[in-house]
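Peer 1: Sequence first, then the predicted structure, then my questions.
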Amino acid sequence: MSAVPPHIARWDLDKTYLRTEFDTMKDLIRTAFERADEKRTNPGASTLLREMGAAGVAVHILSGSPEQMRGRLEDKLRLDGITWQSFVLKPNLKNVLRLRFRALRDQLGYKLPALLESCAEAVPEIAAAGVRETLFGDDAEADAFVYCLYGDVVAGRVTAAELARVCSGGRVYEDVAEQIAEYAEAIPKREVLERVLIHLEGQSPPGDFDVYGRRVVPFYNYLQAALVVFEDGRVPAESVLRVAIELVVQHRFDGEGLAKSYAELARRGHLRGVRIAELAAALDTWARPRGVAALPELDAMVAALPEYAKAAAGQYRGGEAPVTPDYGELVLHHNRRRKKRR
């Protein structure tokens, strides 16, 4: 019998993990021909993804990058020390040959069936064990919309009629909509989403995501993402410190900036204010004896956290009842931000 992973993480790549530019044709051409060692990650992303894998989280990659880029993307992830269990890329050439030009930019008709298929094909032990998922995306496309829809479909909160309405409003090709409906019907219903983490690459206002409820956490930097998954119990305290070290050494954060990343996320109600003592202990038992880089900045961060944690406990909103948005209405608007930026 195959081992049941304690948790699943699903990661997007472009603008979530990688610092990718798609705004002009020049950007597209440059991205297509970049070598693996030329591709840049968002600060702290590779460290957090490595730490999640090291903690036993099963990593699955689901990216809108074309299938033709698989070799370079896999090489990049290997250079970063990332391991994964599945790696799904968009079949753009197949879509072009079938004259499905809408599919080249569509995320709903690509990511939703891919997510549902992966869930439907999971070994029965995973469903029986109630394995939850943390999904990482960005604000450049429709990741929050698709991820939450996926979670609510699997939980049985979206009816077949509503799902058909969403596919129609999203202009999903008819055969893909039928495939989505088949997966939705076949999947054993359960709560699958633990967290949806959205990298604010486009600097969207965090309030834009309130419609999805508190399970969606928009974040500005990967220390904030690390703090959320640390509080969720998916990585140890050392993982948070490693992400913080990268932000100091490679991206010039100081101790105050690290602590304020915690405070900003807490102010928005996304942190419980727990496990601070574990961070302090890890600083003393892991970081200090090793003489790791950025010790003064880590000291300053950890010293400031107890006060911020008290405020976080009072501001935490994660215990609110789950929200099921009107996906049929939202699908008409979920790409509006991208269209405005063109």
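Peer 2: Happy to help now that I have it.

Peer 1: tell me the contacts of Leu200?
Peer 2: Leu200 is in contact with 138-139, 206, 218-220, counting by Cβ atoms under 8 Å, 6 or more residues apart in numbering. C-beta: built from backbone N, CA, C; applies to glycine.

Peer 1: Looking at the residues you listed, which is nearest His333?
Peer 2: Asp139 (13.8 Å; Cβ to Cβ).

Peer 1: and stretch 296-303, what's its mean pLDDT?
Peer 2: Averaged across stretch 296-303, pLDDT comes to 98.

Peer 1: how far out from the middle of the chain is it?
Peer 2: 27 Å (Cα atoms, centre = their mean, to the nearest Å).

Peer 1: just to revisit the earlier point, identify the farthest-apart pair in the contacts of Leu200.
Peer 2: Asp138 and Pro206 (13.2 Å).

Peer 1: So between those two, which is more surrounded?
Peer 2: Shown here are Asp138 and Pro206; by other Cβ atoms under 10 Å, Asp138 has more neighbours (23 against 19).

Peer 1: Quick check: that one touching Gln203?
Peer 2: No: with contact defined as Cβ atoms under 8 Å, Asp138 does not reach Gln203; the gap is 11.0 Å.

Peer 1: Can you pull the residues that touch both of these two?
Peer 2: Common neighbours of Asp138 and Gln203 (Cβ under 8 Å, 6+ apart) do not exist.

Peer 1: still on that earlier bit, strands - which of the contacts of Leu200 land there?
Peer 2: With strands defined by DSSP state E, the entries of these inside them are 138, 218-219.

Peer 1: of those, closest to Glu117?
Peer 2: Distances from Glu117 to the ones in strands among the contacts of Leu200, taken by Cβ to Cβ, are shortest for Asp138, at 22.2 Å.

Peer 1: OK, contacts around the closest one?
Peer 2: Applying Cβ under 8 Å, 6+ apart to Asp138 gives the contacts 12, 14-16, 198-202.

Peer 1: do you know how far it is from Gly291?
Peer 2: Applying Cβ to Cβ, to the nearest Å, the value for Asp138 to Gly291 is 35 Å.

Peer 1: Nearest to Val57, out of the contacts of Leu200: which one, please.
Peer 2: Using Cβ to Cβ, the contacts of Leu200 come closest to Val57 at Phe219, 17.7 Å.
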